[in-house]
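Colleague: fold the stuff below for me.
(one chain, ligands or ions: 1)
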Amino acid sequence: MTATTDEKLASAADTKLTVTDEVKSLSKEERLALIRVNLAEVLNPEILENALNEGRDPRIYWGTATTGRPHCGYFVPAMKIGQLLAAGCHVIVLLADIHGFLDNLKAPIELVNYRAQYYKFCITSILKAVKVPTDKLEFVLGSSYQKSPEYIMDVYKLCSVVSEHDAKKAGAEVVKQSDNAPLSGLLYPILQVLDEEYLKVDCQFGGVDQRKLFAAAKEWLPRLGYKERAHIMNPMVPGLQGSKMSSSDPDSKIDLLDPPEVVAKKIKKAEAAPGVAEGNGLLAFTEFVLLPAATLYGDGKFHVDRERDGLPPLVYTEAAQMSADYQNDVLTPQLLKPAVTKALTALLAPIQADYQASKEWQEVTLKAYPLEEKKKKEKKVKNKGTRYPGGGKPEGAADGAEAPAPAQ
Ligand SMILES: N[C@@H](Cc1ccc(O)cc1)C(=O)O
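Modeller: Predicted coordinates:
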């Protein structure tokens, strides 16, 4: 395929996102091209083609283990989900609650249900923020079917035909590796593979970090007489510190609910060596989220203000041009950072408004992440020392003692 056709399809991908009715007018090739936009890898594309040839809308799922708080990195799969929906696919988001604790108890069992609810709020709001219509999207909670007798029996069966070595290898890039690791880490790949069969999908979507699990699915499902599925993979987008965004390193990610000043601070601190486009998290985020999102907002352009230098703004529609300008030092880190801050803040605003408007979401947050919420509250009360008005502890006050209520 020529670059120009690719470009045309990429822009078709963007414009069609908001116009689901027009899916019907897309040719099979256009639908397939839309599915492939920005992907790093596709395994068994013929399975998707066959679905379309049979006149069916491909069923595709994306699973997420409900562990730490979803951060801005979640915009990346969200954009792909938008493209899949625009291509007329039936998309399922699997809220993998059981996987949340199989992986080294990343989510404590008693909190995992609240975390799944929190994820659902976040993912719905992210999709809304990037103008993806969510009416054709289905959320499924892992535990809603992973405890059924049939599923459990298949877990036992698959365990009997997969070696310990292969199960460990399949999870190596996703499941936390440690000495004396819990046995549940070996079950994790078994369940993820079975999910393809139980969700009755044609295809699973994930980041390239899922590759070993996807390869395992291709090999293992036929051992139980089930058919193999297609797999589509997004590239890993570097985080702000230059590596994969991680839920466990607070500085490497921006929380969806971070206020504008925190977003600005984190982006200011982000690693962005001048002239080095490779591995630059800000450029990658612009390519995979801000530029496609800008298309959805209307003008499809990413603006970099240069008023400070008395110059007209840089206006981009292509990631490649941004990258070239960055390498030539036309687009400097000092210019890029405020531009990304502005665009991201605008993207987060409707999500934060949704949060403020939803009592239910706020309550679930407290239940899902009780310790983090407690720490945040404690931080708000700044102790400036005894010399500041109202500061310090009154003499003789016991630790944790409450200040007397003010006289009415
Ligand atoms: N492995 C995925 C989560 C997942 C769990 C179960 C699945 O069926 C699919 C995906 C992750 O890293 O977050």
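
Colleague: now residue 64, which residues is it bridged with?
Modeller: The residues paired with residue 64 through beta bridges, assigned by DSSP bridges, are residue 95.

Colleague: hang on, it packs against residue 97?
Modeller: No - applying Cβ atoms under 8 Å, one finds residue 64 not in contact with residue 97, separated by 10.1 Å. Every C-beta, even on glycine, is put in place using the N, C-alpha and C of the backbone.

Colleague: residues contacting the residue in the chain that the ligand sits nearest to?
Modeller: When you check the chain against the ligand by Cβ to the nearest ligand atom, the closest residue turns out to be residue 63, at 2.3 Å. The neighbours of residue 63, taking Cβ atoms under 8 Å, 6 or more residues apart in numbering as the test, are 93, 94, 96, 99, 142, 192, 195, 204, 206.

Colleague: could you do residue 347 as well?
Modeller: Counting by Cβ under 8 Å, 6+ apart, residue 347 touches 75, 129, 130, 289, 290, 293.

Colleague: quickly find the element holding residue 61.
Modeller: Secondary structure assignment for residue 61, by DSSP states H and E: strand 59-65.

Colleague: packing partners for whichever helix or strand comes after that strand?
Modeller: Read in the C-terminal direction, the helix or strand following strand 59-65 is helix 75-86, with elements assigned using DSSP H and E. Packing partners of helix 75-86 (3 or more Cβ pairs under 8 Å, 6 or more residues apart in numbering; DSSP states H and E): helix 3-16, helix 28-36, strand 59-65, strand 90-96, helix 112-129, strand 203-207, strand 230-234, helix 291-297.

Colleague: pull the helix or strand with minimum mean pLDDT from this protein.
Modeller: When each helix and strand of the chain is scored by mean pLDDT, DSSP states H and E, helix 3-16 comes last, with a mean of 40.

Colleague: nearest residue to residue 342 other than its sequence neighbours?
Modeller: residue 305 (7.8 Å; Cβ to Cβ, 6 or more residues apart in numbering).

Colleague: and the one you found, what does it touch?
Modeller: 313, 335, 338, 339, 342.

Colleague: quick one: the third one is in a helix?
Modeller: In this case it means residue 338. Yes - Residue 338 sits within a helix when classified using DSSP: H, G, I helix; E, B strand; the rest coil.

Colleague: pLDDT value on it, please?
Modeller: pLDDT recorded at residue 338 is 96.

Colleague: related to what we said a few turns ago, farthest pair in the contacts of residue 347?
Modeller: Farthest apart among the contacts of residue 347 by Cβ to Cβ are 129 and 290. That separation is 11.9 Å.

Colleague: just the C-alphas of stretch 147-159, formatted as CSV.
Modeller: What follows is stretch 147-159 as a C-alpha-only set of coordinates in CSV (Å, rounded to 0.1, in the frame of the first residue of the first chain):
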residue,chain,number,x,y,z
LYS,A,147,-16.4,-18.4,38.1
SER,A,148,-18.9,-20.5,36.1
PRO,A,149,-18.5,-24.3,36.3
GLU,A,150,-17.7,-24.6,32.5
TYR,A,151,-15.0,-21.9,32.7
ILE,A,152,-13.4,-23.4,35.8
MET,A,153,-13.4,-26.9,34.2
ASP,A,154,-11.6,-25.4,31.2
VAL,A,155,-9.1,-23.8,33.5
TYR,A,156,-8.3,-27.3,34.9
LYS,A,157,-8.2,-28.8,31.4
LEU,A,158,-5.9,-26.1,30.1
CYS,A,159,-3.6,-26.5,33.1
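
Colleague: quick one: the helices in the stretch 151-300 of the chain?
Modeller: Taking DSSP state H, counting those that start in this stretch as the criterion, the stretch 151-300 of the chain contains helices spanning 164-171, 184-198, 211-220, 260-269, 281-285, 291-297.

Colleague: quick check: buried residues in the fourth one?
Modeller: Taking 16 or more other Cβ atoms under 10 Å as the neighbour-count basis, helix 260-269 is seen to contain the buried residues 263, 264, 266, 267.

Colleague: so which two of those are the farthest from each other?
Modeller: 264 and 266 (7.5 Å).

Colleague: neighbour-wise, which of residue 64 and residue 97 wins?
Modeller: Taking other Cβ atoms under 10 Å, residue 64 and residue 97 do not tie; residue 97 has more neighbours (26 against 20).

Colleague: against residue 294, how distant is residue 169?
Modeller: 41 Å (Cβ to Cβ, to the nearest Å).

Colleague: neighbour-wise, which of those two wins?
Modeller: Set residue 169 next to residue 294 and count neighbours by other Cβ under 10 Å: residue 294 wins out with 21 against 15.

Colleague: pretty sure the more buried one contacts residue 342?
Modeller: No - when contacts are counted by Cβ under 8 Å, residue 294 is not listed as touching residue 342 (11.5 Å).

Colleague: got the angle for the strand holding residue 61 vs helix 75-86?
Modeller: Computed by axes from the mean of the first three to the mean of the last three Cα atoms, to 10 degrees, the angle separating strand 59-65 from helix 75-86 equals 160 degrees.

Colleague: mean confidence for strand 59-65?
Modeller: 98.

Colleague: got the angle between that strand and strand 203-207?
Modeller: Between the axes of strand 59-65 and strand 203-207, defined by the same axes, to 10 degrees, the angle is 40 degrees.

Colleague: out of the contacts of residue 63, who's near the ligand?
Modeller: Among the contacts of residue 63, the residues that sit close to the ligand (Cβ under 6 Å from any ligand atom) are 94, 96, 99, 192, 195.

Colleague: closest to residue 301 among the residues you listed?
Modeller: Out of the ones next to the ligand among the contacts of residue 63, the one with the shortest distance to residue 301 is residue 94. That distance is 34.8 Å, counting by Cβ to Cβ.

Colleague: mind listing what the closest one touches?
Modeller: Contacts for residue 94 were tallied using Cβ under 8 Å, 6+ apart; they are 61, 62, 63, 64, 140, 142, 195, 199.

Colleague: could you check how far it is from residue 126?
Modeller: Taken as Cβ to Cβ, the spacing of residue 94 relative to residue 126 amounts to 16 Å.
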